[in-house]
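Chemist: Predicted model follows, preceded by the sequence.
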Amino acid sequence: MTTATAGKGLEGIVAANSGICWIDGDAGVLAYRGMDIHELAEHSTFEETTYLLWNGKLPTAPQLEEFKKHLAAARRIDVRVIDLLRSLPTTGTPMEVLRTAVSALSFYDSDEYDNTHEGNVRKGNRLTSQIAMIVAIYDRLRKGKNIIEADPSLSHAANFLWMLNGERPSETATKTLDIALILHADHELNASTFAARVIAATLSDIHSAITGAIGALKGPLHGGANEAVMRLLYDIDKTGKEPVEYVKDLIAKKQKIMGFGHRVYKTEDPRATHLRRMSEQLSRDSGQHKWYDWSRAIELYINSEKKLNANVDFYSASTYTMLGIDVDLFTPIFAVSRIAGWTAHVIEQLDDNRLIRPRAEYIGPGYPNHWVPVENR
Ligand SMILES: CC(C)(COP(=O)(O)OP(=O)(O)OC[C@H]1O[C@@H](n2cnc3c(N)ncnc32)[C@H](O)[C@@H]1OP(=O)(O)O)[C@@H](O)C(=O)NCCC(=O)NCCS
């Protein structure tokens, strides 16, 4: 078989057939199962979108009710995983904790060794509920607070906020988070999803695939960028510098501005459109104007100066901050949503599996490069 050499970072390489997510990077289109993200953000819920990603079509009303019941019933975590969370250092970042806890969940999953389509749907169901719980529970434990029992009457987004804060979330907070979860649910062969598919394709298990995906998501070039954006805004606040001047300095030092640029989108990331709108709305509702105003000023400057657009992470930062969420929970919240897409991709991979094993272009010392006794080196 002939082999072609891929460009650095596999740019432009099509590495799988997939019926889950379609992106037109030039036109700024993102669609799940052919459905435009703008329609889903306006009309759908995270639960319905997850059903769509996993099953290829929207649920009927009874199917949706049943799916929501399954997710609510899956809000259970073995006490030994809670003990593990208690034993981890409070200095650990929530992403490290999530990576470790998701790996440990497999020991207590009754379907641990069932790698069938149905087994993975059941495990995906549990993981979707459990990842949200782990993030909320660990945050409370590290702050010395009690664990809040899950409430099966609440939606996925509302239950997460309830377990995080121990207070009934407002309609605005629930709706804002629900839309953010829809927007983050899938994104074709992004780095973490590709990692999940590579692991699944070895016929390892879904917990391993999701653990690997969480590791990939954690990096600042991927999901970690939303935290980096907020740290930049906090730095601006601390130094008292004018936001655009601050960013100009970073550009002059050849630093990347987190939350801008994208490998696939050459125009506005359609997810950013909604996050910008929600950030602006929250800023008006809460009277906390600076995070949105500074973000907007930076965006306009980077647009005109660097011709780069804001991506999904840029306005997530100010949106989550105005919802009262701690910075180091932003990337875990990305995982709370992306588990929907990871599961869809693991299942799709295994439905028509072949080991993913590319080649490397060898650029090392010439062959044969003979071994030399240590005294002669
Ligand atoms: C997303 C990202 C990793 C895509 O990377 P990529 O396709 O490999 O693109 P590159 O990093 O090669 O960037 C291409 C050029 O644009 C510049 N660029 C890209 N993103 C930039 C940013 N956020 N700030 C400043 N310059 C940026 C690069 O410096 C490079 O310029 P050069 O050709 O003069 O060296 C990149 O845009 C980035 O690092 N963004 C910040 C992190 C981020 O927000 N990640 C979340 C993505 S959803």
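Modeler: Arrived safely.

Chemist: From Asp285, how far out is the closest residue to the ligand within the stretch 251-377 of the chain?
Modeler: Of all residues in the stretch 251-377 of the chain, the one sitting closest to the ligand is Gly261 (2.3 Å; CB to the nearest ligand atom). C-beta here means a position set from N, CA and C on the backbone, and glycine is covered the same way. Between Gly261 and Asp285 the computed distance is 30 Å (CB to CB, to the nearest Å).

Chemist: of those two, who's got more company?
Modeler: Shown here are Gly261 and Asp285; by other CB atoms under 10 Å, Gly261 has more neighbours (18 against 12).

Chemist: from what I can see that one touches Asn311, true?
Modeler: Yes - between Gly261 and Asn311 there is a contact under CB atoms under 8 Å: 6.7 Å.

Chemist: still on that earlier bit, now the residue of the stretch 251-377 of the chain closest to the ligand: closest residue in space that isn't a chain neighbour?
Modeler: Of all residues not flanking Gly261 in the chain, Leu308 sits nearest, at 4.8 Å (CB to CB, 6 or more residues apart in numbering).

Chemist: can you give me the end-to-end distance of stretch 23-33?
Modeler: 11 Å (CA to CA, to the nearest Å).

Chemist: How many residues are close by whatever residue of the stretch 1-150 of the chain ends up closest to the ligand?
Modeler: As assessed by CB to the nearest ligand atom, the ligand sits closest to Gly9 within the stretch 1-150 of the chain, at 5.2 Å. Applying other CB under 10 Å, we find 10 residues neighbouring Gly9.

Chemist: Which pLDDT value does the model give the closest residue to Glu361 other than its chain neighbours?
Modeler: Taking CB to CB, 6+ apart, and ignoring the residues beside it in sequence, Glu361 has Thr5 as its nearest neighbour in space, at 4.9 Å. If you check Thr5, the pLDDT there is 82.

Chemist: Give me the phi and psi for Thr5.
Modeler: Main-chain torsions, Thr5, degrees, to the nearest 10: phi -90, psi 130.

Chemist: Pretty sure Ile363 is one of the things it touches, is it not?
Modeler: No - counting by CB under 8 Å, Thr5 does not reach Ile363; the two are 10.5 Å apart.

Chemist: Just say helix, strand or coil for Val372.
Modeler: At Val372 the chain is in coil, as set by DSSP: H, G, I helix; E, B strand; the rest coil.

Chemist: separation between it and Ser316?
Modeler: Val372 is 54 Å from Ser316, by CB to CB.

Chemist: circling back to that earlier point, can you give me the neighbour number for the residue nearest to Glu361?
Modeler: Other residues close to Thr5 by other CB under 10 Å number 7.

Chemist: And it, how far from Val264?
Modeler: Relative to Val264, Thr5 is positioned 21 Å away (criterion: CB to CB).

Chemist: So for Gly261 and Asn311, which residues contact both of them?
Modeler: Shared contacts of Gly261 and Asn311 (CB atoms under 8 Å, 6 or more residues apart in numbering): none.

Chemist: returning to that earlier point: doesn't the residue nearest to Gly261 belong to a helix?
Modeler: No - using three-state DSSP, the secondary structure at Leu308 is coil, not a helix.

Chemist: how many neighbours does it have?
Modeler: Leu308 has 16 neighbouring residues, counting by other CB under 10 Å.

Chemist: before we move on, what about His156?
Modeler: Neighbours around His156, by other CB under 10 Å: 24.
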